[in-house]
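J.: Based on what follows, work out the 3D shape:
(one chain, ligands or ions: 1)
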Amino acid sequence: MSVTAAEIPDKSILQTIGDRRSIRYFDPDKKVEDWKLQTMLQAGRLASCQGNINATEAIVVQKETTDLWDEIEECVSGFNVQIINQCSHLIFWVTNLNAWYGRANDGLSTLALSGALTKYHGWNYEFTMTQTVPRLMSFPTERTEQLLRFETGMAVNQAMLAGVGLDVGSILIAFGRKPGGVEKAFGLPPHFRFTWGHAVGYPLEDEKAGGQRVRLKFEKLFHKDSYGNPYMPDAGVNDVLQSKGMIQEQAPIEGRFEEIQALADKFGREPGVVSWPEREVKRLIADDDWDFGPRIKARAEEVIATEELPDYPEEMRETFKKLMEEHGLDTKKYLS
Ligand SMILES: Cc1cc2nc3c(=O)[nH]c(=O)nc-3n(C[C@H](O)[C@H](O)[C@H](O)COP(=O)(O)O)c2cc1C
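T.: Below is the predicted model:
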């Protein structure tokens, strides 16, 4: 036994959600304990899944012990290379499409045996076997893939939150450099989809990672009774969520830019953050959809006043216009 129950902190779920950040700087000298990895995987395993078919699997990889590191590194998107080399472990979350076709019957049977599927809701064996299961099994793989990848996302998020509860940092990372490369490296059978890569480790940056990242306003995302009718948040609820640690101070908090400067110096990497053109920053900060607090507004002003900002790539304007118009977007909002 590597841990006792008494050693595991009891962090509330609201605090855990509030504490989660995508961590991009990991301590290369600290390995995450096996029991913590197991706890994260257990959290993924316990995530809800349709018909209890258990389609989400994961391959946990450590750079020091795998034979596949070079192949893995070739696949990861360029902006994630530092991350994978400094994190403790990588988790490759994969989705088994055949769980849908092979395990629907047994999965539902486990739910019946567990006392979850009952006659109360209209379940009966004959209907299940002549209608429900054959209908599910007749789905084309594209539809099944969409459904099951959603479930994998749920499992991954539970694993990440379990990690946060144990002070383990996480970030999901794209492996876009070599499409199909991850499946090939692991020799995955064709009915498996590589859904996402997940780097795990102890944060080298402050656990607040510069503060909670801004989102769109609540009422711009959530609707009441009909689409387009804003669901207005209650200021009192927000205050309580703040006091429970779920809603936290918005990034960038004091000292964030000094922190990333120091991290760049420590590892001999290029310092600084990426900048957008002045007009673009001004347009964004004036956009009422975003929940911009005072810190990010002040940062925008500081950037405009002090940084050398790039020009908008005029040669790309037409491309962006065309891409947005293809989706019926109001280009005037973005391309004034
Ligand atoms: C599916 C998914 C893929 C992501 N891929 C990357 C990635 O490849 N590299 C990266 O630096 N961040 C990646 N992120 C992290 C997001 O950029 C991050 O969630 C966003 O910056 C918001 O910050 P927060 O997670 O700290 O709230 C990914 C996030 C998700 C959900």
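J.: Now do the phi/psi pair for L90.
T.: For L90, the backbone dihedrals (degrees, to the nearest 10) come out as phi -110, psi 140.
J.: Pretty sure it sits against I72.
T.: Yes - proximity of L90 to I72 meets the contact threshold set by C-beta atoms under 8 Å, at 7.2 Å. C-betas here are computed from N, CA, C, even on glycine.
J.: Which of these two has more residues huddled nearby?
T.: Set L90 next to I72 and count neighbours by other C-beta atoms under 10 Å: L90 wins out with 24 against 21.
J.: Who is the more buried one paired with across the strands?
T.: Legend: beta-bridge partners of L90 under DSSP bridges are V61, A199.
J.: which parts of the stretch 101-250 of the chain sit against the ligand?
T.: Proximity of the stretch 101-250 of the chain to the ligand is confined to 171-174, 196, 213 under the rule C-beta under 6 Å from any ligand atom.
J.: can you list the residues you listed in TSV and add secondary structure and pLDDT?
T.: As requested, those are arranged in TSV below (DSSP: H, G, I helix; E, B strand; the rest coil; pLDDT from 0 to 100):
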residue	secondary structure	pLDDT
I171	strand	98
L172	strand	98
I173	strand	98
A174	coil	96
W196	strand	98
R213	coil	98
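J.: Just the buried ones from those?
T.: 171-173, 196 (16 or more other C-beta atoms under 10 Å).
J.: The stretch 151-300 of the chain: strands as residue ranges?
T.: 169-173, 192-201 (DSSP state E, counting those that start in this stretch).
J.: Select, out of those, the one closest to R103.
T.: strand 192-201 (14.1 Å; C-beta to C-beta).
J.: Tell me how far that closest one lies from the chain's centre.
T.: From the chain centre to the centre of strand 192-201 is a distance of 10 Å (C-alpha atoms, centre = their mean, to the nearest Å).
J.: Run through the neighbouring helices and strands of it.
T.: Judged by 3 or more C-beta pairs under 8 Å, 6 or more residues apart in numbering; DSSP states H and E, strand 192-201 is in contact with helix 81-86, strand 89-96, helix 141-165, strand 169-173, helix 181-186.
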